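In: please work out how this folds:
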Amino acid sequence: MARYTGPKTKIARKFGEPIFGEDKSLEKRNFPIDDLYFVASSKSAGSKLKFRSKDIEVENLEKFDFSKANITFFSAGGKISEQYIPIAAQQSVVIDNSSFFRMDPDVPLIVPQVNSNDLKNIKKNIIANPNCSTSQLVIVLKPLHDLFRIKRVVISTYQSTSGAGKAPMDELIEQTKLLLENKKINSKNFTKQIAFNAIPHIDVFVDEGYTKEEVKMVDETKKILDNKIELTATCVRIPVMVSHAESLNIEFVKPFNLEKIREVLNNADGSKVVDERKDGGYITPAEAEGKNETFISRIRKDNSNKNTINLWCVSDNLLRGAALNSVEIAEAYLKNK
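Out: Alright, predicted model coming up:
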């Protein structure tokens, strides 16, 4: 068991890669833990995982006593969350990375830099972590909304294959090899060839031709930030391993000043402006990988519409959109407790 000075916190974790994998967000942020439990299916129970140089045995989810944990992270998908979180939440505060509870009116949907005050109203002992694209979006929008009141946002995303999981990442590598060898490609995890391509389709199609990913971005942003903001999104999968990029067209109610926008975004918690207006004076997905910030570039006035700007933002989806945000939620919860 890992021992710490600081607040005594016991954590159970429904095992999934991001929080405990290569990124090691719990370990890097020196999160205050006395006892850490790994919990998974019976198939994985009995195996061991290392945390701070100590081997910890994985326990069976079906038999685990959640009263041993103050905080439980769930990172195993909607079906597991639906079945087991109501059980866990009777004994422990649950932070859920799936989409299952995000739009529940009694479950706060949290990006700590944006709406940590909502943690004061936890009714079901459940806290939801937003969609990865939503997390970086609201970090950009929050300080701008506070200053100039946002009226409407048009979003185009360029999302990496890691947002779909390990198998799609592996397929991107395999497809790239096959294409370079002039061999036939049969897509398994994508609706079209992903190598050297762009696919304007993430998740299933729903009403009016939108995809579920696009609807999630709109609904979650309204819940986190302001229900009065109008948004529309087009979500695209691109042949990149890690980091999501977004092109944003933002219309304000009030007149704005570009220098003030750069200043407030650069000073906002969780964001960093890199906007030099020269060759290479911007951030790309490759450069954002492994970093905590949401990077903002290409800030400029939209000359076609009043009180409107365009900008480009990039963030590591496995950190800001998953592991890092989950741990920051736990930190904010303990602070507000």
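
In: quickly list the domain ranges of this structure.
Out: Domain segmentation of the chain under automatic domain parsing yields 10-130+322-336, 133-317.

In: any idea which of those domains has the lowest pLDDT on average?
Out: For those, mean pLDDT drops lowest on domain 10-130+322-336, to a mean of 88.

In: quick one: contacts for the residue lying closest to I87 once chain neighbours are set aside?
Out: Among residues not flanking I87 along the chain, F66 sits closest, at 6.8 Å (C-beta to C-beta, 6 or more residues apart in numbering). Glycine gets a C-beta too; all of them are placed from N, C-alpha and C. For F66, the contact set (C-beta atoms under 8 Å, 6 or more residues apart in numbering) comprises 12, 72, 87-88, 90-92.

In: out of those, which is most surrounded?
Out: In terms of neighbours by other C-beta atoms under 10 Å, these top out with T72 at 28 neighbours.

In: looking at this, E263 is in a strand?
Out: No: using DSSP: H, G, I helix; E, B strand; the rest coil, the secondary structure at E263 is helix, not a strand.

In: residues contacting it?
Out: Contacts of E263 by C-beta under 8 Å, 6+ apart: none found.

In: what do you get for the one 5 residues further on?
Out: For A268, the contacting residues are 113, 139, 142-143, by C-beta under 8 Å, 6+ apart.

In: now, those residues that are in helices?
Out: 113, 139, 142-143 (DSSP state H).

In: make TSV out of these and add distance to S53 and neighbour count.
Out: Listed next are the ones in helices among the contacts of A268 as TSV, based on distance: C-beta to C-beta, whole Å; neighbours: other C-beta atoms under 10 Å:
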residue	distance to S53	neighbour count
Q113	31	20
I139	33	25
K142	38	24
P143	40	21
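
In: could you pull out the helices in the protein for me?
Out: With DSSP H as the criterion, the chain has helices spanning 17-20, 25-28, 78-88, 112-115, 132-148, 166-180, 212-224, 258-267, 285-288, 324-336.

In: any idea how far R262 is from H145?
Out: Distance of R262 to H145, computed by C-beta to C-beta, to the nearest Å: 16 Å.

In: the more surrounded of these two?
Out: Using other C-beta under 10 Å as the criterion, R262 and H145 rank with H145 on top: 20 against 15.

In: you'd agree that one is up against D226?
Out: Yes: with contact defined as C-beta atoms under 8 Å, H145 reaches D226; the gap is 6.4 Å.

In: before we move on, the earlier item: now distance to Y210 too, for the contacts of A268, in CSV please.
Out: Shown next, in CSV, are those (distance: C-beta to C-beta, whole Å):
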residue, distance to Y210
Q113, 27
I139, 23
K142, 24
P143, 28
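
In: out of these, which is nearest to Y158?
Out: Closest approach to Y158 among these (C-beta to C-beta): I139, at 17.1 Å.

In: wait, that closest one touches P130, no?
Out: No: proximity of I139 to P130 does not meet the contact threshold set by C-beta under 8 Å, at 10.6 Å.

In: what is in contact with these two at once?
Out: With C-beta under 8 Å, 6+ apart, I139 and P130 have common neighbours V111.

In: correct me if wrong: L265 contacts V140.
Out: Yes: under the criterion of C-beta under 8 Å, L265 makes contact with V140 at 6.9 Å.

In: looking at the two, which is more packed in?
Out: Remark: of L265 and V140, V140 carries more neighbours, 25 against 22, as counted by other C-beta under 10 Å.

In: these two touch, right, A195 and I185?
Out: Yes: when contacts are counted by C-beta under 8 Å, A195 is listed as touching I185 (7.0 Å).

In: thinking again about what came up before, quick check: neighbours shared by L265 and V140?
Out: Counting by C-beta under 8 Å, 6+ apart, the common neighbours of L265 and V140 are 271, 296.

In: check contacts around L231.
Out: So L231 contacts 152-155, 217-218, 221-222 (C-beta under 8 Å, 6+ apart).

In: tell me where the protein has strands.
Out: 10-14, 35-40, 48-51, 54-60, 71-74, 93-96, 126-128, 150-159, 230-237, 244-252, 271-273, 294-301, 308-315 (DSSP state E).

In: tell me what the second one is packed against?
Out: Pointing back at strand 35-40 there. strand 10-14, strand 54-60 (3 or more C-beta pairs under 8 Å, 6 or more residues apart in numbering; DSSP states H and E).

In: that one pairs with which strands?
Out: Partners of strand 35-40 in the sheet, by DSSP bridges, are strand 10-14 (parallel), strand 54-60 (parallel).

In: ditto for the last one
Out: As defined by DSSP bridges, the strand partners of strand 308-315 come to strand 244-252 (antiparallel), strand 294-301 (antiparallel).

In: so the first one versus helix 258-267, what angle?
Out: Orientation check (axes from the mean of the first three to the mean of the last three C-alpha atoms, to 10 degrees): strand 244-252 against helix 258-267 gives 140 degrees.

In: now do the last one
Out: Here strand 294-301 runs at an angle of 180 degrees relative to helix 258-267 (the same axes, to 10 degrees).

In: residues making contact with strand 294-301?
Out: 136, 139-140, 258, 261-262, 265-266, 270-275, 281-283, 287-288, 308-315, 320.
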